[in-house]
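Novice: Here's a sequence, model it:
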Amino acid sequence: MSPSSHTPEANMGLLFRQVRDAMWADMAREMAAAGHELTYSQFVTIKRLATDSSDGVTDLARWAQVNPGAMTRLLDKLETRGLLRRIADPGDRRALHIVLTDAGQAIWSDIQHCGERVRARAMQGLDDGEREQLFRLLNQVLQNLTPPTANDD
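Specialist: Just a heads-up that it's a prediction; the model follows:
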């Protein structure tokens, strides 16, 4: 029995996309109000570098959900603004370490609060139990749709 176009299940993917897009748009507005003209992809890249600077371009691209070429251009823009540096790995000429500069760290200190405000708005009206249930259910949906890898044996 397939869901009709009027049941919530028929629009699940669209709803996920709409929630994601609404959060990204709210985050862009929040950062702009704080004086930072950053895209959501730039925000998540700065966040990742602030919390785990061991990622390379490919890992950062995966994290920000952009292709590696787009990530390289994004890093170029952030580097031009003085927010990060790419440092050659002395042990592997092909590898780069990407690190936030002091200016990048300062922006992170400010914009992480933007993310906290957006998440708080998104969760308005939900009690702790409902929030826990929402995350548990979303993680279950993600797990259901994630193909097993060779390491999952």
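Novice: what does the one helix or strand residue 23 maps to rub up against?
Specialist: Per DSSP states H and E, residue 23 falls inside helix 12-33. With CB atoms under 8 Å, 6 or more residues apart in numbering as the contact definition, helix 12-33 has outside contacts at 8, 37-40, 43, 111, 114-115, 117-118, 121-122. Where you see a C-beta, it was placed from the backbone N, CA and C, and this is true even at glycine.
Novice: and what of stretch 62-71?
Specialist: Residues outside stretch 62-71 that contact it (CB under 8 Å, 6+ apart) are 41, 44-45, 48, 55, 57-58, 60-61, 74.
Novice: and whichever helix or strand comes after the helix holding residue 23, which residues are buried?
Specialist: From helix 12-33 onward toward the C-terminus, using DSSP H and E, the following helix or strand is helix 40-51. Neighbour counts over helix 40-51 (16 or more other CB atoms under 10 Å) mark 40-50 as buried.
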